[in-house]
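**Student:** The following block contains a protein sequence and its predicted model.
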Amino acid sequence: MINLKDIVQKLDLKVVTGNIDREVSAGYSSDLLSDVIANAQKDNIWITLQIHVNIVAVANLQELAGIILVNGRQPEEATLKKAEQENIPILLTELSTFEIVGKLYELGIHGNRR
Amino acid sequence: MDDTRTTTKIQELTYELKVEDVISKDIATVSSKLPVSLLRDILYKKRISGVPVVNDGKLVGIVSIEDFIKCLEQGEMDALIEDKMTKKIKTLYADEPLVHAVMKFEKYGFGRFPVISRKDKKLVGIITKSDIIKGILKKLETAYHDEEERRYRASHIFNDIIADEVFLKFQYYVEGKNFDRAGEAATGLKKTLYRLGLSPEIVRRASISTYEAEINIVAYTDGGEIIAYIDPHQIKIIITDKGPGIPDVKKALEPGFSTAPGWVKELGFGAGMGLPNIKKFSDKMTLRSTVEKGTHLEIIIKLSDYRNGE
Ligand SMILES: Nc1ncnc2c1ncn2[C@@H]1O[C@H](COP(=O)(O)OP(=O)(O)O)[C@@H](O)[C@H]1O
Ligand SMILES: [Mg+2]
């Protein structure tokens, strides 16, 4: 387990909502929501380029540790509002999925063990 | 600050909490035999204003950013830390009540105190005023959550009600074609199930299955409803809509099969994994559909552990 606070600091992520003082178990990256529902697990950090409000529901139901939006994409207004309400951390990076996942891996965040 | 009620609560907490409950344990230390110049990295990069000096786990002094600047001005960067540090330092024991720390901060006006263990006098962390505030806020927050949960806990309901059969029914209406509100039913059900004291794993399986079914109503129909029945043995969730129906149910259940239109796909739905996900997360799933009439999906999640849930 690695604290999300440390990840934010080390990867220079911009925090737009949510309490980042929580543990991250592993990571999952996908832009298909049903895929995230099928394969992500509790306390995962999720890396995606989707920015619409439905990502908050998925993170909430899966009890994910947070969502990293890639390529400098900004969350939609409704996404922000909902994430604030449900206390889901939303983090921004200018990097692409490939790059940010590589950096997360270097920090010791791996995939879910099967 | 004259709200006596909150003051007493906070005072109470400063007696209840120990120094070790709030300190930062993940701290930088230096050894006394190093040159002062090495402090630059630690002080600047970590943005701290003082570092404990430790030899073999034992605290021997503290060196501050002022000490460093003095050496910088006088060209003494090669001096050893042990000659420039403060040696007589005030410390706190890890097991002291937090109120002692509060009093020491008031008395000495320092920015931080090293915290040592009473047993072997080794350094275990450092305490700052902001650690105290954070520690108290955290404690207040948990106290509030516990209280809130207790108030909402309804898990005793099955034990309190006297009848041959008891079940609870929760009904949700789902709007078709409106993805802005998609997920509200599943999220609502999730919160409700938590309040009933069900285990997190059960709640997760039930709400994720409901979410996929809810998304299908939003994506493919003009609206429908979700009814969850809960009894002491199982959760039964029935999801219905009034059309357009599924022509080939067997095919719809295959992983990857999807008729989702482009606008749905753009949102990241329509991977053809919704129904397979429901199957995976539930104990039993039954799908019936008639074209032009509508679709009826039944999901069952067993609650073998219900009564252990307190
Ligand atoms: N309530 C429904 N009404 C009409 N068609 C549905 C309904 N639910 C599912 N379907 C059909 O079944 C297919 C598979 O559904 P699903 O497994 O959830 O995958 P997806 O929604 O990603 O396509 C859908 O593409 C759709 O054609
Ligand atoms: Mg679907």
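**Tutor:** Sure thing, it's come through. Ligands and ions are numbered 1, 2, ... in the order given.
**Student:** hey, where'd the helices end up in the chain?
**Tutor:** Assuming you mean chain A. In chain A, the helices defined using DSSP state H lie at A:4-10, A:33-39, A:54-62, A:77-86, A:97-106.
**Student:** To clarify, I was referring to chain B.
**Tutor:** Counting by DSSP H, chain B has these helices, from start to end: B:4-16, B:19-22, B:39-45, B:65-73, B:81-84, B:98-108, B:129-152, B:157-160, B:184-195, B:200-220, B:249-252, B:262-266, B:274-281.
**Student:** Out of the helices of chain A, flag the one nearest residue B:47.
**Tutor:** helix A:4-10 (11.0 Å; CB to CB). The C-beta positions use only the backbone N, C-alpha and C, and glycine is treated the same way.
**Student:** what sits up against the closest one?
**Tutor:** Residues from elsewhere that reach helix A:4-10 (CB atoms under 8 Å, 6 or more residues apart in numbering or on different chains): A:13, A:15, A:20-24, A:45, A:65-66, A:89, A:91, A:104, A:107, A:109.
**Student:** re earlier: nearest to residue B:231, out of the helices of chain A?
**Tutor:** Of all the helices of chain A, helix A:54-62 sits nearest to residue B:231, with 23.1 Å by CB to CB.
**Student:** which non-adjacent residue is nearest the residue of the stretch 151-300 of chain B found nearest chain A?
**Tutor:** The shortest separation between the stretch 151-300 of chain B and chain A is 3.0 Å, found at residue B:183 (distances taken as CB to the nearest CB). Here the nearest residue to residue B:183 in space, its sequence neighbours aside, is residue A:57; by CB to CB, 6 or more residues apart in numbering or on different chains that works out to 3.0 Å.
**Student:** Residues of chain B that sit close to ligand 2?
**Tutor:** Taking CB under 5 Å from the ion as the criterion, chain B approaches ligand 2 at residues B:216, B:274.
**Student:** If we use 8 Å, what do you get?
**Tutor:** Proximity of chain B to ligand 2 is assessed by CB under 8 Å from the ion, with B:212, B:215-216, B:219-220, B:258, B:260, B:269-275 identified as the residues in range.
**Student:** So which of the helices of chain A is the most surrounded?
**Tutor:** Scoring these by mean neighbour count under mean count of other CB atoms under 10 Å in any protein chain shown gives helix A:54-62 as the most buried, with a mean of 25.
**Student:** which outside residues touch it?
**Tutor:** Contacts of helix A:54-62 with the rest of the structure, by CB under 8 Å, 6+ apart, involve A:33, A:36-37, A:40-42, A:44, A:46, A:48, A:64, A:66-67, A:79, A:82-83, A:86, A:88, B:179, B:182-184, B:186-187, B:190, B:204, B:207-208, B:211, B:267-269.
**Student:** Can you name the residues that contact residue 36?
**Tutor:** With no chain named, the answer covers chain A. With CB under 8 Å, 6+ apart as the criterion, the residues that contact residue A:36 are A:28, A:30, A:46, A:48, A:58, A:62.
**Student:** look at chain B instead
**Tutor:** Residue B:36 neighbours (CB under 8 Å, 6+ apart): B:63, B:67, B:68, B:71, B:76, B:77, B:78, B:79, B:80, B:81, B:84.
**Student:** Next: residue B:217.
**Tutor:** Counting by CB under 8 Å, 6+ apart, residue B:217 touches B:174, B:176, B:223, B:224, B:226, B:239, B:241.
**Student:** roughly how far apart are it and residue B:262?
**Tutor:** Noted for residue B:217: a distance of 19 Å to residue B:262, by CB to CB, to the nearest Å.
**Student:** Same question for residue B:198.
**Tutor:** According to CB to CB, residue B:198 stands 38 Å off from residue B:262.
**Student:** Quick check: residues of chain B near ligand 1?
**Tutor:** Applying the criterion CB under 6 Å from any ligand atom, the portion of chain B that neighbours ligand 1 consists of B:212, B:216-217, B:219-221, B:241, B:244, B:246, B:252, B:257-260, B:269-275, B:295.
**Student:** Could you do chain A as well?
**Tutor:** Going by CB under 6 Å from any ligand atom, the residues of chain A near ligand 1 are residue A:34.
**Student:** Tell me which residue is most central in chain A.
**Tutor:** residue A:67 (1.9 Å; CA atoms, centre = their mean).
**Student:** how about the helices of chain A in CSV, adding mean pLDDT?
**Tutor:** As requested, the helices of chain A are arranged in CSV below (pLDDT from 0 to 100):
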stretch, mean pLDDT
helix A:4-10, 95
helix A:33-39, 94
helix A:54-62, 96
helix A:77-86, 95
helix A:97-106, 97
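**Student:** Ligand 2 is nearest to which of those?
**Tutor:** Closest of the helices of chain A to ligand 2 is helix A:33-39, at 6.3 Å (criterion: CB to the ion).
**Student:** Mind exporting the C-alpha coordinates of that closest one to PDB?
**Tutor:** What follows is helix A:33-39 as a C-alpha-only set of coordinates in PDB (Å, rounded to 0.1, in the frame of the first residue of the first chain):
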ATOM      1  CA  LEU A  33     -16.200   1.800 -17.900                       C
ATOM      2  CA  SER A  34     -17.500  -1.700 -17.900                       C
ATOM      3  CA  ASP A  35     -14.000  -3.000 -18.200                       C
ATOM      4  CA  VAL A  36     -13.100  -1.000 -15.100                       C
ATOM      5  CA  ILE A  37     -16.100  -2.400 -13.300                       C
ATOM      6  CA  ALA A  38     -15.000  -5.900 -14.300                       C
ATOM      7  CA  ASN A  39     -11.400  -5.600 -13.500                       C
END
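**Student:** anything in it sitting right up against ligand 2?
**Tutor:** Yes. Using CB under 8 Å from the ion, a contact is recorded between helix A:33-39 and ligand 2, made by residue A:34.
**Student:** which pair in the contacts of helix A:4-10 spans the largest distance?
**Tutor:** Spatial extent of the contacts of helix A:4-10 (CB to CB) is set by the pair A:21 and A:104 at 18.2 Å.
**Student:** okay, the residue lying closest to residue B:11 once chain neighbours are set aside: pLDDT?
**Tutor:** Excluding its sequence neighbours, the residue lying closest to residue B:11 (CB to CB, 6+ apart) is residue B:99, at 7.6 Å. At residue B:99 the predicted local distance difference test score is 90.
**Student:** Tell me how far residue B:99 lies from residue B:49.
**Tutor:** Residue B:99 sits 25 Å away from residue B:49, going by CB to CB.
**Student:** More neighbours: residue B:198 and residue B:262, which one.
**Tutor:** residue B:198 (22 against 7; other CB atoms under 10 Å in any protein chain shown).
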